[in-house]
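Colleague: structure for this input, please:
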Amino acid sequence: MRLLLTLFSAALLFASVARSQLQDIPQMPPDIWASDPVEVDPQHYKLELNTDGLRVLRARFGPREKGRLQSEPDRLVVCVSSARLRMKVEDGESREFMCRVGEVLHFSASRHELENLSDHTIEFLTIEIRTPTIQ
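Modeller: Residues are numbered from 1 along each chain as shown. Presented below is the predicted three-dimensional model:
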């Protein structure tokens, strides 16, 4: 229940900030979904919720598993389990980070692949807030 409350609060906060700065948000290139995690890496990603304003993905990686190259827009990540991850972006640069249970992280849009550096299965939720296109 606490995780759901954290998830809901984070999504509301992210949505309100995104909407308040709508004019400043650059529009994503049309091909951002060209390598959607659910499509290119179904072993690790499952669509949990898909509405006009929100999309939630559940990711599970076994010990030391590596995901496939994918594209994602700006997003929040809620850690369901503790994790140590490596994110390698398309230009070859990589970044390692830790995530504790219940922690909420923000990531900017990127094309990347993830690797679980932990010796246990990890799980996290990715929350994408969709904002209306500016006319």
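Colleague: ok, Gly62 - contacts?
Modeller: When contacts are counted by Cβ atoms under 8 Å, 6 or more residues apart in numbering, Gly62 touches Asn116, Thr121. (C-beta placed from N, C-alpha, C; glycine too.)
Colleague: one more: the one 5 residues further on?
Modeller: By Cβ under 8 Å, 6+ apart, Gly67 lies in contact with Pro37, Asp41, His44, Tyr45, Ala59, Phe61, Glu113, Leu114, Glu115.
Colleague: which residues does the residue lying closest to the second one once chain neighbours are set aside contact?
Modeller: In this structure, Asp41 finds its nearest non-sequential neighbour in Arg68, 4.4 Å apart by Cβ to Cβ, 6 or more residues apart in numbering. Shown in contact with Arg68 (Cβ under 8 Å, 6+ apart): Ser35, Val40, Asp41, Glu113.
Colleague: for the first one, give its distance to Lys88.
Modeller: When you say that, I think you mean Ser35. 14 Å (Cβ to Cβ, to the nearest Å).
Colleague: and for the third one?
Modeller: Between Asp41 and Lys88 the distance is 14 Å, computed by Cβ to Cβ.
Colleague: tell me the contacts of Thr121?
Modeller: Contact analysis of Thr121 by Cβ under 8 Å, 6+ apart lists Arg60, Phe61, Gly62, Pro63, Ser81.
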